[in-house]
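In: everything below, folded, please.
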Amino acid sequence: MNVLWYYAIGFIVVWILAFLLKDKFNITMEGIVLMLKTERLKGVLDRIANRCPRLWKAYLNIGMPIGIFFLILMVITLIWSLQLMFKTPTVSLILPGVDIPGSPIYIPFTTGLVALATVLVIHEGGHGILARVEGISIDSVGLLLLAIIPGAFVEPNPDELERANGISKLRVYFAGPMFNLGLCLIALVITAGIGGFLASENIYTTDGMEISSVVAGSPSQSILSEGMVIHKINGDVVTNTSSYTRALSGMHIGDNLSITTDTGTYNITASQSPNNSSKSYIGIRAKQHEIIEPVAKKKYGTLLPLVLSKLEEIFYLIFFLNFAVGTFNLLPMKPLDGGLILEEILKMKIRPDRRLEFNQTLNKYTKFLPGCIRCWISRRFNWILNFISHHELNDNTVEHITRYISSLFIVILVVLIIYGMVPGILKMF
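Out: Numbers count the residues shown, from 1 in each chain. A predicted model of the protein is given here:
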């Protein structure tokens, strides 16, 4: 059964339940958006914010320059993607369990939902925590469902946010993406640790490639199925990713492939890729089929290796999704965080007292560096402050600039999604 049907069934069930229970659980229904508001999470955000406010401010003071770097990098990447889209898709929709033909990304259903939940919770939680650290109250907090896409929301009081100074606003806006990147780094370290342990202890060996997904509408549909283990392709033995890649490297459109699996031998004819007519395509995704070594099995049993392997997959997805969503949110287009950040930077006005505060903060975080480097950084930093102070923009001009840039990037994204995703989505039906 196509995973999209599960989403459709889930959508119907959830919306019926939401309608029946909306008064009991304070559920609001606006168009295709469901929102479950709660007061309990406000107390959680307050406790976290009040426990170590200086730590959160310091983290964001360090994180803002890093965030600006990724903002610039995302702009360059998106523009670069325009010239690559005729060769291969560069933008993909993230929907756990849905494998869109030609998409460069596939997220497993169960572990993908777990990882996606961490993205949403940590992102919105970051905004809420920094809002409270900056003395801005939270109007509402809760969970939402955009059609079938789950989410979370934190709404700082708009009047208090508007009255806050520029740096406080920037900390709040940067908080979501930087909390995502912080969790991304933690997950990467854990993934590397688990992977290192499994490799150093020789826990697993591989005997083939396990099919993790069969793309709907592809040549492999109704022939191969998820869970099969590939052992040979056209007589070439396949034991790991390297041998699998070599066996498929000479494949062309129209070639007949004999694929030997643990359940039998199947013949598949390669077709052209949905997104690149010059490339061949059979429509499966595969990962190494791992079996526990006898020595490791005797030492650790079977449960521990299986648990560690699954944890490695989950933490890798937490790393990947938090990085992808966190950096995407830094694109300078409203309503993304990057658009709000761009607008606030353009509105920034450098008062003498704020200049002194900026320099004191800079000195605090660079005091461990040699004097010559600190002087170089200070001169460049003050050159930026001088430039901003001599080119201040009024609010009306800033709104026009932000609206124009947002519209430009929205058009680019729509073009990339239509060209990269729509042909594949149509093949699924």
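
In: now do the SS call for A216.
Out: Using DSSP: H, G, I helix; E, B strand; the rest coil, the structure places A216 in coil.

In: so it makes contact with Y106?
Out: No. Contact criterion CB atoms under 8 Å: A216 and Y106 do not qualify, at 11.8 Å. To be clear about C-beta, it is placed using only N, CA and C from the backbone, and glycine gets the same treatment.

In: so what sits against both of these two?
Out: Residues touching both A216 and Y106 (CB atoms under 8 Å, 6 or more residues apart in numbering): D99.

In: burial check on the closest residue to N382 other than its chain neighbours, number of neighbours?
Out: Using CB to CB, 6 or more residues apart in numbering and skipping residues adjacent in sequence, the residue nearest N382 is N359, 7.3 Å away. When neighbours are counted by other CB atoms under 10 Å, N359 registers 14.

In: residues contacting the nearest residue to M228 once chain neighbours are set aside?
Out: Leaving out its chain neighbours, the residue that sits closest to M228 by CB to CB, 6+ apart is T261, at 4.4 Å. Listed by CB under 8 Å, 6+ apart, the contact set of T261 reads I211, L224, M228, V229, I230, H231.

In: tell me the phi and psi of T261?
Out: phi -120, psi -180 (degrees, to the nearest 10).

In: doesn't F153 fall inside a helix?
Out: No. Counting by three-state DSSP, F153 falls outside a helix, being strand.

In: and it, how far from V121?
Out: 11 Å (CB to CB, to the nearest Å).

In: and the residue nearest to N382, that's in a helix?
Out: Yes. N359 sits within a helix when classified using three-state DSSP.

In: so who does it touch?
Out: By CB under 8 Å, 6+ apart, the neighbours of N359 are S378, F381, N382.

In: thought the first one was touching Q360?
Out: This points to S378. No. At 11.3 Å, S378 does not count as touching Q360 under the criterion of CB under 8 Å.

In: these two: which has the busier surroundings?
Out: S378 (14 against 9).

In: now the more buried one, nearest residue through space, not along the chain?
Out: L362 (6.6 Å).

In: L170 versus the one you found, what's the distance?
Out: Counting by CB to CB, the gap from L362 to L170 is 15 Å.

In: try L257
Out: From L257 to L170 the distance is 54 Å (CB to CB).

In: and what of I345?
Out: Taking CB to CB, one finds I345 at 7 Å from L170.

In: and the two? which has more neighbours close in?
Out: Legend: neighbour count by other CB under 10 Å for I345 and L170, higher for L170 (22 against 17).

In: just checking, the more buried one touches M64?
Out: Yes. Taking contacts as CB under 8 Å, L170 lies within contact range of M64: 6.1 Å.

In: mind telling me what element L145 is part of?
Out: Using DSSP states H and E, L145 falls within strand 138-146.
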